[in-house]
Every structure is written in C-alpha cells, then in structure tokens.
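[1] Sequence first, then the predicted structure:
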Amino acid sequence: MTGVQTCALPISNPWIRIAFLTLGILIVAILEEVIFRGLYSTILADRFQNEILVSVLAALVFGTIHWSLGISTMVHTALIGFVFMFGITQTRSVLPTMAAHYAINLIAFSGIIEGGRL
C-alpha cells in the first residue's frame, strides 16, 4: 500500500467525497452552534446575567472541545467562539454564526487554502 490513507472507508468517487464532506461539515456547524451559541449560552446567561462573562465562558468551553487538534486550534476556536457570541448578541440569531462556522470548516477541511487547518 502506498501513500497515506486519511479515511477509514476510502471513497473513490470524488462527488460522493464532496457530498460527505459538505454534509458532515454542515451537520457539525449546525450542532455546535445550536449547542454552544444556543443552548449552552442560554443556560449561562440565565445563571450569570453578564453578556461578556457568558461569551468568555462559552468561548472557552468551545475552544476546549477542540483539544484533540492541539493548543493552537483550541486558542483559535475559543477566539472564534467569542466573536461568534458577539455576533449572536448583536443579531439575536444563530443563523449567521452557523453560516460562518460552515464556511470556516469548509475552508479548513477541504484543502481550499493550503494548510487550511485552523
């Protein structure tokens, strides 16, 4: 066997790979935004009544769930999480952050940008 296999189940059809990548990234973006910017931040807001503290705590937890990708990714995702929380406080909608999350992950995981990993 030559080369590096990056998928446990190799998919030879590029259209199916693109569909799986797109759908997988979409699901992750929706779920993470609903959980962290929707549910978790609402629970924190009920407890602390301080938007900045809620944003910081939600961002730190969001960064921490990305620990397996390394400290640099944890820091980047925490910062992105804080920016997303700011967006939520301004728009009162999770939809813009879902779209941004999807776009960031698509760039990071598709290889559109050389070394696109955050």
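    Done, it's in.

[2] what sits up against stretch 93-111?
    Stretch 93-111 is contacted from outside by 21-22, 25-26, 28-30, 32-34, 37-38, 80, 84, 87-88, 112-113, 116-118, using Cβ atoms under 8 Å, 6 or more residues apart in numbering. Just so you know, the C-beta spots here come from the backbone N, C-alpha and C atoms, and that holds for glycine as well.

[3] And it, how far out from the chain middle?
    Relative to the mean C-alpha coordinate of its chain, stretch 93-111 is positioned 7 Å out (Cα atoms, centre = their mean, to the nearest Å).

[4] The chain should start at 603 in everything you say after this.
    Will do, 603 is the new start, and the previous item becomes stretch 695-713.

[5] send the alpha carbons of it over as CSV?
    Coordinates of each C-alpha in stretch 695-713 appear next as CSV, following Å, rounded to 0.1, in the frame of the first residue of the first chain:
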residue,chain,number,x,y,z
SER,A,695,-29.9,34.9,15.7
VAL,A,696,-27.7,31.8,15.5
LEU,A,697,-28.1,31.5,11.7
PRO,A,698,-25.2,33.9,10.8
THR,A,699,-22.9,32.0,13.0
MET,A,700,-24.0,28.7,11.5
ALA,A,701,-23.1,30.0,8.1
ALA,A,702,-19.7,31.4,9.3
HIS,A,703,-18.9,28.2,11.1
TYR,A,704,-19.7,26.2,8.0
ALA,A,705,-17.5,28.4,5.8
ILE,A,706,-14.6,28.2,8.2
ASN,A,707,-14.8,24.4,8.5
LEU,A,708,-15.2,24.0,4.7
ILE,A,709,-12.0,26.0,4.2
ALA,A,710,-10.2,24.2,7.0
PHE,A,711,-11.1,20.7,6.0
SER,A,712,-11.4,20.8,2.2
GLY,A,713,-7.9,22.0,1.4
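
[6] Flag every buried residue along it.
    For stretch 695-713, a neighbour-count test (16 or more other Cβ atoms under 10 Å) marks Val696, Thr699, Met700, Ala702, His703, Tyr704, Ile706, Asn707, Leu708, Ala710 as buried.

[7] how about the residues you listed in a markdown table, adding secondary structure and pLDDT?
    Below are the buried residues of stretch 695-713 laid out as a markdown table (DSSP: H, G, I helix; E, B strand; the rest coil; pLDDT from 0 to 100):
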| residue | secondary structure | pLDDT |
| --- | --- | --- |
| Val696 | coil | 91 |
| Thr699 | helix | 93 |
| Met700 | helix | 94 |
| Ala702 | helix | 94 |
| His703 | helix | 93 |
| Tyr704 | helix | 94 |
| Ile706 | helix | 90 |
| Asn707 | helix | 87 |
| Leu708 | helix | 87 |
| Ala710 | helix | 83 |
